[in-house]
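K.L.:
Sequence and predicted model, in that order:
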Amino acid sequence: MDLFTHVLFAYLVSFVVWGPSAPQYIAAGALAGGLPDADILLIPVAHYFQLLRHRGIVHSLVGITVIAAFGSLLVHSLPYFGTASIFLYFIAMEIGGLLHIFLDGATQYSITPFAPFSTRKIEFNIDTAVNVIALIISMTSMIILLAEHGAVSSTIWIETVWILWGVYAGYFLLRILTWRNANKIKKEKNYLKAIPTINPFVWELVNCIDSKKEYNIEYQKLSLFKKITAKKHTLHIIKKRIYSGPVNSTKEALNRTYSAALKKNKFLALQFHFGEAFANRDVYKVFWYTIGDRLFNLTLGVSGEINRHTGKMQLKTTFIHLHKYVRE
């Protein structure tokens, strides 16, 4: 989930917990709601210490408790927060941290909340990790609250917070209901996963087998409004096969570019991914893209071409417009 949504959601929940008479604890909760994502600063050393990776130990119960403990001592001495109870600051920041890992656990990216004692993962697939709709709502809400700060009566401010709380509650309720419906259809059609998209009424049904020797995937776009699924897309990739010389088909073009595309874009490798190819004079145009993460049919991926006669390829990371290459 994006940082704005983490902070604002923690702010709104903290408001419900503490009430308008305790703004210092509300602010502490909002601060803690965003702090776990500071682990991106640890990326340079995360290669050597896996626990420090993004969504690692900092996104666990141990991590947020340590943050809350040190944070309660720090905010207690800051001018804005004031000298209130250190214990209550700790509780406020612990709640904020719990809300952070709750939101991350609700996305299609897994977290390990019991690290370092357990590697058990939580991943509910209710929403995408970065949802533009949620991001716009969060940024707009923060602008409204900042604009009202000190400019309106406390009554209006409280009413605004409750309205925003209702907007967020409604959004998550909608996400949960469509998630239940999509997973019901997933079971009926014997798919492995139902992947959320930015639109809560559009999901991707996916089956995937990823082994050392091959990568097999099939997916269908699911429209909950229409209650039907569109065309089924299938792909079979043979891994670690040595290719050289002319490229004889679109299937071979995809097989040859598969490993190179994943190396070109590490994010692509972490997601369910799919490839399309078509002939264009002396080359095959190839497009590798993620499944689920799309905005107005744009998705992050790798595009390029491979020469039909020599096998020489040129690939680049880019955004791909699916409607141009994929019939759904």
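P.N.:
On my side now, so go ahead. Numbers count the residues shown, from 1 in each chain.
K.L.:
Pick out the residue closest to the middle of the protein.
P.N.:
Centroid check for the chain by Cα atoms, centre = their mean gives residue 129 as the closest residue, at 1.5 Å.
K.L.:
Report the mean confidence score over the host helix or strand of residue 135.
P.N.:
For residue 135, the host element (DSSP states H and E) is helix 132-148. Throughout helix 132-148, pLDDT has a mean value of 89.
K.L.:
From residue 140, how far off is the closest residue to the residue nearest to the centre of the chain other than its chain neighbours?
P.N.:
In space, and not counting its chain neighbours, residue 129 is closest to residue 107: 4.4 Å by Cβ to Cβ, 6 or more residues apart in numbering. From N, CA and C alone the C-beta is placed, and that goes for glycine too. In this view, residue 107 and residue 140 are 21 Å apart by Cβ to Cβ, to the nearest Å.
K.L.:
what about the two, which has more around it?
P.N.:
With neighbours defined as other Cβ atoms under 10 Å, residue 107 and residue 140 compare such that residue 107 has more, 20 against 14.
K.L.:
who touches that one in this structure?
P.N.:
Residues counted as contacts of residue 107 (Cβ atoms under 8 Å, 6 or more residues apart in numbering) are 1, 123, 124, 125, 126, 127, 128, 129, 196.
K.L.:
what do you get if the cut-off is 7 Å, keeping everything else the same?
P.N.:
1, 127, 128, 129 (Cβ atoms under 7 Å, 6 or more residues apart in numbering).
K.L.:
Over to residue 103?
P.N.:
So residue 103 contacts 1, 5, 6, 9 (Cβ under 7 Å, 6+ apart).
K.L.:
circling back: the residue nearest to the centre of the chain reaches residue 110, doesn't it?
P.N.:
No. Contact criterion Cβ atoms under 7 Å: residue 129 and residue 110 do not qualify, at 10.7 Å.
K.L.:
For residue 2, see how far away the residue nearest to residue 129 is.
P.N.:
10 Å.
K.L.:
what's the answer for residue 161, then?
P.N.:
Residue 161 is 20 Å from residue 2, by Cβ to Cβ.
K.L.:
what does residue 302 give?
P.N.:
24 Å.
K.L.:
Compare these two (neighbour count), which wins?
P.N.:
More crowded of residue 302 and residue 2, by other Cβ under 10 Å: residue 302, with 24 against 19.
K.L.:
host element of the more buried one?
P.N.:
With DSSP H and E as criterion, residue 302 is part of strand 298-307.
K.L.:
Can you give me the buried ones in that strand?
P.N.:
Using 16 or more other Cβ atoms under 10 Å as the test for burial, strand 298-307 gives 299, 300, 301, 302, 303, 304, 305, 306.
K.L.:
do stretch 308-324 as well
P.N.:
Buried residues in stretch 308-324 (16+ other Cβ under 10 Å): 308, 311, 313, 315, 317, 320, 322.
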